[in-house]
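# Sequence first, then the predicted structure:
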Amino acid sequence: MRFGILLGVILFVNFKVTAQYTDQINSNRPGESIGAFSVGTGVVQFETGTEYRKYKHKGYNNSEASAGVGFLSLRWGFLKEELELTYEGSYLLGKLKSKLIEPNPVYDQKGFLRNFIGIKYLVYDPFKNGQEINVFSWDANNKFRLRDLIPAVSVTVGANFNLDEETKLAPYDDLFNLIHRPILYQNLGDRGAVEPFLSYRGTVATQSHFFGTWVFVTNFSYNRIASDFPEFSYILTLTHTFSPKWSVYMETQGVSGDVYVDQILRTGAAFLFTDDIQIEGTVGINTKDSPSLFSINAGVSYRLDFHKDNRNPKDAKESNKVLKKELKDQEKQFRKAEKAQKKARRRARRN
């Protein structure tokens with residue numbers, strides 16, 4: 001375990017020296033937040049999956065909505081290490097059951113929930129010039145340092161495209177829009193709020209690293225700018241890597257707008273299948289009943305790596321081999337020293 005964590009610290013620092021690119025896939029999944037760092041130049045990355053959602057709205061006599069959601073994110077690092085072009089999309093297919101009248105009408109729901117195209121730029125990288133690492137001390141590399149409080153900062157700006165402007169099923173993320181505020185039930189099945197074809201979003205993301213195996217990400221977004229109902233949201237994500245292959249996370253997301261207000265909690269895990277493939281799963285709930293939400297999803301991230309390092313690839317490969325060997329030798333020496341100390345303590349107790 002100590003070897004795996006120490007190796008992760010070394011690889012992390014190596015990644016920072018080269019600004020954005022990592023030897024292993026750098027995914028925004030699991031969770032909804034986006035990290036401060038891009039995928040690196042020459043990298044095309046796909047982050048996709050499916051999610052089941054169940055809603056129940058107390059304000060509409062416990063009317064229910066259930067749906068499957070497919071999501072896709074495309075990320076491309078281009079021109080320079082700090083830049084990334086991003087597409088985020090999600091498509092919903094489900095049913096809305098109204099309990100406002102008898103018999104309960106059921107409405108089919110299908111359409112895009114999100115179509116966003118944006119550009120992310122890394123404004124500040126506290127590790128741009130690298131970080132000193134003591135390859136002989138696990139404690140030295142994993143203790144808390146005040147400079148760890150300084151996060152990397154990026155800005156993402158882009159546009160939302162409402163491809164179903166005339167028939168969008170959930171404008172402003174309101175899946176109960178079809179049964180909005182009934183007046184003598186005359187407007188059941190009619191539309192409530194209408195979302196425009198084009199609006200804008202800006203996001204500030206920060207990313208901090210603690211104790212070698214913890215990552216804290218924050219997102220602050222102003223969304224649907226230039227629409228009738230702009231909204232503010234934030235996401236706080238804490239991730240812990242407890243082995244070279246496994247990580248877990250916890251996340252909270254707050255949304256505040258005139259149409260939709262919510263507080264969502266998520267947790268899940270990710271498994272590094274290969275250096276270019278990550279598998280993940282998440283469950284989520286919210287904290288209100290208008291509507292309540294339960295969700296569960298599974299996804300996979302995959303990258304096409306055409307990144308060209310300024311270093312000689314053979315030299316970098318050999319350097320990594322030497323480093324790994326030194327770490328293994330140091331781990332063996334550490335274990336031998338631990339055994340010797342235990343034997344000495346046992347002898348002391350006998351005497």
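Thanks, I have the structure now.

# Identify the bridge partners of Val155.
Tyr121, Val204 (DSSP bridges).

# can you pull the contacts of it?
Listed by CB atoms under 8 Å, 6 or more residues apart in numbering, the contact set of Val155 reads Lys120, Tyr121, Val123, Gly202, Thr203, Val204, Ala205. Using the backbone N, CA and C atoms, a C-beta is placed for each residue, glycine as well.

# can you tell me which residues contact the fifth one?
With contact taken as CB under 8 Å, 6+ apart, Thr203 is in contact with Ile34, Gly118, Val155, Thr156, Val157, Asn219, Phe220, Ser221.

# could you redo the last one with a cut-off of 7 Å?
Contact partners of Thr203, counting by CB atoms under 7 Å, 6 or more residues apart in numbering, are Ile34, Thr156, Asn219, Phe220, Ser221.

# same check, this time on the third one
Val123 sits next to Val153, Ser154, Val155 when contact means CB under 7 Å, 6+ apart.

# how far away is it from Ala344?
Separation of Val123 from Ala344 (CB to CB, to the nearest Å) stands at 54 Å.

# and if you look at the fifth one?
According to CB to CB, Thr203 stands 56 Å off from Ala344.

# Compile the contacts of Val123 into JSON lines and extend it with columns for distance to Asp276 and pLDDT.
Output for the contacts of Val123, formatted as JSON lines (distance: CB to CB, whole Å; pLDDT from 0 to 100):
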{"residue": "Val153", "distance to Asp276": "27", "pLDDT": "96"}
{"residue": "Ser154", "distance to Asp276": "23", "pLDDT": "97"}
{"residue": "Val155", "distance to Asp276": "27", "pLDDT": "98"}
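
# wait, which of the residues you listed is closest to Lys308?
Among those, Ser154 lies closest to Lys308 (CB to CB), at 22.4 Å.

# ok, for the closest one, nearest residue in space, not its chain neighbours?
Nearest non-adjacent residue to Ser154, counting by CB to CB, 6 or more residues apart in numbering: Ala36, 4.2 Å away.

# Strands of the stretch 101-250 of the chain, start to end?
For the stretch 101-250 of the chain, applying DSSP state E, counting those that start in this stretch gives strands covering 106-124, 152-161, 198-210, 214-225, 231-241, 246-256.

# can you list those in a markdown table and add distance to Gln24?
What follows is the strands of the stretch 101-250 of the chain, written out as a markdown table (distance: least, CB to CB, whole Å):
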| stretch | distance to Gln24 |
| --- | --- |
| strand 106-124 | 19 |
| strand 152-161 | 18 |
| strand 198-210 | 15 |
| strand 214-225 | 14 |
| strand 231-241 | 11 |
| strand 246-256 | 11 |
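
# between the contacts of Thr203, which is nearest Thr252?
Nearest to Thr252, judged by CB to CB, of the contacts of Thr203 is Asn219 at 11.1 Å.

# How about the closest one: what's its closest non-neighbour residue?
Nearest residue to Asn219, sequence neighbours excluded (CB to CB, 6+ apart): Ile235, at 4.2 Å.

# Domain parsing of this structure, as residue ranges.
Segmentation of the chain into domains, based on automatic domain parsing, reads 2-310, 315-351.

# out of those, deepest packed?
Sort those by mean neighbour count, taking mean count of other CB atoms under 10 Å, and domain 2-310 sits at the top with a mean of 17.

# picking that back up, contacts only, for the residue nearest to Ser154.
By CB under 7 Å, 6+ apart, the neighbours of Ala36 are Leu122, Ala152, Val153, Ser154, Ala205, Thr206, Gln207.

# Equivalent analysis for Tyr222, please.
Gly202, Pro230, Phe232.

# Of the residues you listed, which is the nearest to Phe112?
Checking the contacts of Tyr222 against Phe112 by CB to CB gives Pro230 as the nearest, at 19.4 Å.

# And the closest residue to the closest one other than its chain neighbours, what's its pLDDT?
Of all residues not flanking Pro230 in the chain, Arg224 sits nearest, at 4.9 Å (CB to CB, 6+ apart). With respect to pLDDT, Arg224 scores 96.

# Can you verify my assumption that Arg224 contacts Glu231?
Yes - between Arg224 and Glu231 there is a contact under CB atoms under 7 Å: 5.8 Å.

# Could you tell me the least trusted of the domains of the chain?
Mean pLDDT is lowest for domain 315-351 out of these, coming in at a mean of 66.

# before we move on, the earlier item: mind putting the contacts of Tyr222 into a markdown table with distance to Leu272?
Shown next, in a markdown table, are those (distance: CB to CB, whole Å):
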| residue | distance to Leu272 |
| --- | --- |
| Gly202 | 31 |
| Pro230 | 38 |
| Phe232 | 34 |
